[in-house]
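Colleague: Okay, here's the prediction I keep looking at, along with the sequence it came from:
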Amino acid sequence: MSKRFISIWFPHLKTDWFTLRQPELKNLPFVLRSPSHGRMIVVAANKVAESQGISVGMVLADARAVVTDLQVRDDKPDLVNKLLRRLGEWCIRFAPFVSIDPPDGLLFDATGCSHLWGGDESYLKDIIRKLSARGYDVRATMADTIGAAWGVARFANSCVVPVDKHVEVLMNLPSAALRIDSEIFERLNKLGLHRIHQFSKMPRPALRRRFGEQFLRQLDKALGQEIELIEPIHPIEPYQERLPCLEPIVTATGIEIALQQLLETLCLRLEQEQKGIRAAVFKCYRVDSKIEQIEIGTSRPSRNIKHLFKLFEIKISSIEPSLGIELFVLEAPKVEDLLPAQEKMWEGSGGLKDGRLAELLDRLSNKIGEKAIHRYVADEHYWPERSIRLATTLEEISVASWREEKPRPLQLLKTPETIEVAAPIPDYPPMLFKYKGKLHNIVKADGPERIEQEWWLQQGEHRDYYRVEDEEGNRYWLFRLGHYKNEMYQWFIHGFFA
Amino acid sequence: MQSAKADILKTLQEDILRLQGLRVADNNSLNEILGPIADAFPNGSFPTGAVHEFLSPCPENLAATSGFLCGLLSSLIGNSGAVLWISSSRNLFPPGLKNFAIDPEKFVFIDTFKEKEVLWAMDESLKCGALAAVVGELNGLSFTASRRLQLAVEKSNVTGFVLNSNQRLNTTACVSRWKISSLPSEKVGELPGIGFPKWKVELQRIRNGRPSTWDIQWTKKGFRQAQRKLVSTFFELQKKAG
């Protein structure tokens, strides 16, 4: 099948945008100005102004002399790219590959799209109608090459160039239709080569010598002898399913049905390829050209429709359908291999390897955040805060062994808190301590257990830990930071024993 | 004659409990660990697949409660179980679990940012049959919330534990209410220092069972009744000596 491209040209893109926001400008001659070399230059003019003889590039003072009631606004230099991008995103409903073509156009790769609209003609007509309805002046052309479509859209009328007829149509167009520099264009004009058919049959070495390699490449691209690719604004995900709707969807139930259908088709495809989803995005294209999207992630590759649906379900309420959603897209940016054998193995065994636990953790992490879930393995450190390390997966097991020879408290304070202590002589356990305003008389004690700072990680004093029990039977973990002799010691409470 | 009558009564009682919807799980290893406490439960078996409430108003209390709880969990986990510990202000230190014969790697901690999310996460986790138990640290448990949790466990048969740090109590749908507080430990032989963890275990409420109070020690074999003798502490000895 031959390639088909559509080039869309907005002749008055900027002024149309201003008119949409200030409707009173619609029937007035109106230009945008921008400073250049100490003067004000007209950078865009609307239809009315153009019909009265104003052209882009004029000095503003001259334009004012020609049209006395000229309306002038300041130009917004960064507007065009943003505007084209937004329009391009909206146009994804027509074709999956849409690219912006600055300064005033869009390009589609429409190969194999038009049959959905019942033919090229009605396809193009629909695009023009919908874009015009948004308030933009539009010209669009469909052709076999990007170059031809671009040229015809700008130098002839909007039309569909039939398959394999683009060369004929191009021949009668002016040489500027080849997307060439103004310098080369002027040189061509000087030589009297105004139309493409005048030089397209000339020997290539002669053309190359006079106009350079770039010119020849543009000619080849327009004629289809060199392949030209477009760069889509949104890279197409290899795992993507689309669901257009006849009527705009506004209800949560409708969204759920759409999601369910998309998941079914996507998971069926993943099953055939033995893959599972690790991350998925559900996008809703609204009628008013905004995109609402929700994302999920899983800890293990999964193609369990029920599970994935549940993950999305929590977030569906955050979608705002506004006037309605007309296209749903489900993408899986991250997939991983998932063999059927693995799937079976995880089910129903109980414990950490059980698939149901992974699914539960997915649900929790999607609702309260991935950072909320912790699992610890032992680490090779004596310093209590460093003796555990976060496990990265559910399957990870400790390389180091858990130390049992010295008792560790069941409750450990996040940061040790200072306490007031009365202790008899160095290295004896304290007799009493005051914590949170309450005095505790110590009856029994174990210790000290000295834990040195790991100097290669952190500088500081060592800790002498004591395990003490007060008269009520509560058991605490206290430590003294530093030696007695230099009077720089301090007592802390660090934990509670059962 | 007398023993035959007792047997009939026992089977009839079990029938009544069964008709009331009580499931008697096979908890032999757990009941063995529980020692004297097991008698308080219906049919002498710890109710799994239910939600238990533990009162822990202060950090010392919380340590004692989590100690007792870890004793229970050590047998609930068995060889391959997993436990979810949900809290918004967790201080539990995994290496401390080793004292209760639990592999800390079997614990998954959910540290939520908001207290409200704890309840949601607990409700969701209790429905997951892959878990051995779910522990949630809460500040206050309303009747509605407790009933939701109870409904969740009835389907999955997971055991839930709520550590309630709120002083004000209200009626809940939980199967039991416990309060654990520390007691001075007993000397092991003539060794100085701190002995086995010892608690006063109050079973304040138990559905179909007999509430009671014990002095319990955690030993290598599980929970054991502490000797009821008065242990004169170092502190008292000091006082006596003047």
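Modeller: Arrived safely. All values reported here derive from a predicted model rather than from experimental measurement. Residues are numbered from 1 along each chain as shown, chains lettered A, B, ... in the order given.
Colleague: Find the helix or strand that the residue found closest to A:A279 once you drop the neighbours it is linked to in the chain is a member of.
Modeller: Of all residues not flanking A:A279 in the chain, A:K334 sits nearest, at 4.0 Å (Cβ to Cβ, 6 or more residues apart in numbering or on different chains). Where you see a C-beta, it was placed from the backbone N, CA and C, and this is true even at glycine. Following DSSP states H and E, one finds A:K334 within strand A:325-337.
Colleague: Now do that strand: which elements does it pack against?
Modeller: Under the contact criterion of 3 or more Cβ pairs under 8 Å, 6 or more residues apart in numbering or on different chains; DSSP states H and E, strand A:325-337 touches strand A:240-249, helix A:252-272, strand A:275-286, strand A:291-302.
Colleague: so which of those is the most packed in?
Modeller: Mean neighbours per residue, mean count of other Cβ atoms under 10 Å in any protein chain shown, is largest over the helices and strands packed on strand A:325-337 for strand A:275-286, with a mean of 21.
Colleague: Hey, what's the angle from that strand to helix A:252-272? Just curious.
Modeller: Using axes from the mean of the first three to the mean of the last three Cα atoms, to 10 degrees, the inter-axis angle of strand A:275-286 relative to helix A:252-272 is 150 degrees.
Colleague: any idea how far strand A:275-286 is from the chain center?
Modeller: Taking Cα atoms, centre = their mean, to the nearest Å, the mean C-alpha location of strand A:275-286 is offset from the chain mean by 12 Å.
Colleague: ok, now stretch B:61-73?
Modeller: 7 Å.
Colleague: Likewise for stretch A:411-418?
Modeller: Counting by Cα atoms, centre = their mean, stretch A:411-418 comes out at 41 Å from the chain centroid.
Colleague: rewinding a little: redo the helices and strands packed on strand A:325-337 as CSV? Include mean pLDDT.
Modeller: Converted to CSV, these look like this (pLDDT from 0 to 100):
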stretch, mean pLDDT
strand A:240-249, 87
helix A:252-272, 90
strand A:275-286, 89
strand A:291-302, 86
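Colleague: does any bit of the host helix or strand of B:E124 sit next to chain A?
Modeller: Using DSSP H and E, B:E124 sits in helix B:115-126. Yes. Helix B:115-126 reaches chain A (Cβ under 8 Å from any Cβ of the partner chain) through B:117, B:120-121, B:124-125.
Colleague: Could you identify the helix or strand that succeeds that helix?
Modeller: Downstream of helix B:115-126, the first helix or strand assigned by DSSP H and E is strand B:133-138.
Colleague: now the helix or strand just after that following strand and strand B:133-138, what's the angle there?
Modeller: Sequence-wise, the next helix or strand downstream of strand B:133-138 (DSSP H and E) is helix B:143-156. Put simply, helix B:143-156 runs at 170 degrees to strand B:133-138, going by the same axes, to 10 degrees.
Colleague: Check the offset of the next helix or strand after helix B:143-156 from the chain's centre.
Modeller: On the C-terminal side of helix B:143-156, the closest following helix or strand by DSSP H and E is strand B:159-164. Distance of strand B:159-164 from its chain centroid, counting by Cα atoms, centre = their mean, is 8 Å.
Colleague: need the contact list for the residue of chain A found nearest chain B.
Modeller: Residue of chain A nearest chain B, by Cβ to the nearest Cβ: A:A498 (2.2 Å). By Cβ atoms under 8 Å, 6 or more residues apart in numbering or on different chains, the residues touching A:A498 are A:410, A:475, B:63-64, B:66-68, B:70, B:96, B:99-100, B:182, B:197, B:199, B:218.
Colleague: Could you do A:I419 as well?
Modeller: Going by Cβ under 8 Å, 6+ apart, the list of residues near A:I419 reads A:433-435, A:478, A:491-493.
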